[in-house]
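Engineer: Provided below are the primary sequence and the corresponding predicted coordinates.
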Amino acid sequence: MQDIGKINMIYAKAFRRPFFTSLAKGEDVSHVFSFFKDYISDDKSYTVREIFDFLFEMLRKNYRNEYVYKSAIINKIIFGRHSPKTSSSSIELHVSNSIVDVAVFNGHSTAYEIKTEFDSPKRLATQTIDYLDVFEKTYIVTHPDFADKYGSLNLPNVGVLVLSKKDSFSVIKEAETNLENIKLDKVFSVLRRDEYVSIIEDYISKKISMPNGLIHDFCKDVFLSMPLTVANGYFISAMKKRATDKDFIDYLYSLPASLRALGYATPLSKKQKDYLINLMDSKIEI
């Protein structure tokens, strides 16, 4: 009998960025998927889409790792409760000394920190402090068996969600609005150069004309001088623009639902995205 833990890790491999990137870069599909040959029951041809759907279903049923939670957040919140046209997500977003598992931007900013049954709460206190410096709301997302454990932690303003076996979310503790505690210097550090330059030029109503070495500090000073709600509004708008253009949304809709989280998480060129879209319905034998 094969080791169940090993099989689960093999299923999980299909939903990691290096594997997804290798497909986008044109590696031989049959060769790439041959790794899973012993774990797919029938000896017949499948589309790439069907293989991913099968592998994800096995993962969802048998090994609810972090990717299963990320996928549920993307599909239930971005594609379910909201719309990818008006809401965007950043996967594994660097914020101060932490990395947010899933950040969602619509009219507000929300951080989702995933704690599966396999995770430890060890760094949670420092992680949530970093998130509360930047986001209006912060949630811990966990397994139903750990709802009481995380719900009882003394983490002011932090909410708790649980993900059921049927992939529905339940609120155990509602997140409190945290807007007044946001620190603009921490928010500014999340922005890319082109984003903060565009924000400041819009705010001061003129183009920035100064040596490159001075632009960062100038923009930061202006950003920190803004009223909190104005600066936060600019931040949310910039983060939404990262993933709400039509081409990107069309690309996400062309992927199976199981790959949307990877779609957000994996930077690819337009050529690579187009290649993946065409690849999804290709039949292969493994």
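Structural biologist: Arrived safely.
Engineer: for the closest residue to Ser254 other than its chain neighbours, what are its contacts?
Structural biologist: Closest residue to Ser254 apart from its sequence neighbours, by Cβ to Cβ, 6 or more residues apart in numbering: Ile277 at 4.3 Å. Placement of C-beta: from N, CA and C, glycine included. By Cβ atoms under 8 Å, 6 or more residues apart in numbering, the residues touching Ile277 are 251, 254-255.
Engineer: which one of those residues is nearest Gln272?
Structural biologist: Closest to Gln272 out of the contacts of Ile277 is Tyr251 (10.0 Å), distances taken as Cβ to Cβ.
Engineer: that closest one in helix, strand or coil?
Structural biologist: Three-state assignment for Tyr251 (DSSP: H, G, I helix; E, B strand; the rest coil): helix.
Engineer: change the start of the numbering to 52 and stick with it
Structural biologist: Sure, I'll start counting at 52 from here, so that last one is Tyr302.
Engineer: what's the burial count for it?
Structural biologist: 18 (other Cβ atoms under 10 Å).
Engineer: what about the residue nearest the centre of the chain, helix or strand, and which?
Structural biologist: By Cα atoms, centre = their mean, the chain has its centre lying nearest to Ile142, at 2.5 Å. According to DSSP states H and E, Ile142 maps onto strand 139-146.
Engineer: try Ile335
Structural biologist: strand 334-336.
Engineer: which residues does that strand contact?
Structural biologist: Residues contacting strand 334-336 (Cβ under 8 Å, 6+ apart): 80-81, 84, 95-99, 102.
Engineer: now swap in stretch 117-135 and tell me
Structural biologist: 63, 66-67, 107, 110-111, 138-140, 142, 152-153, 155, 157, 163, 165, 167, 170, 192, 214, 218-220, 294-295, 300, 303-304, 308-309, 311-312, 315-316.
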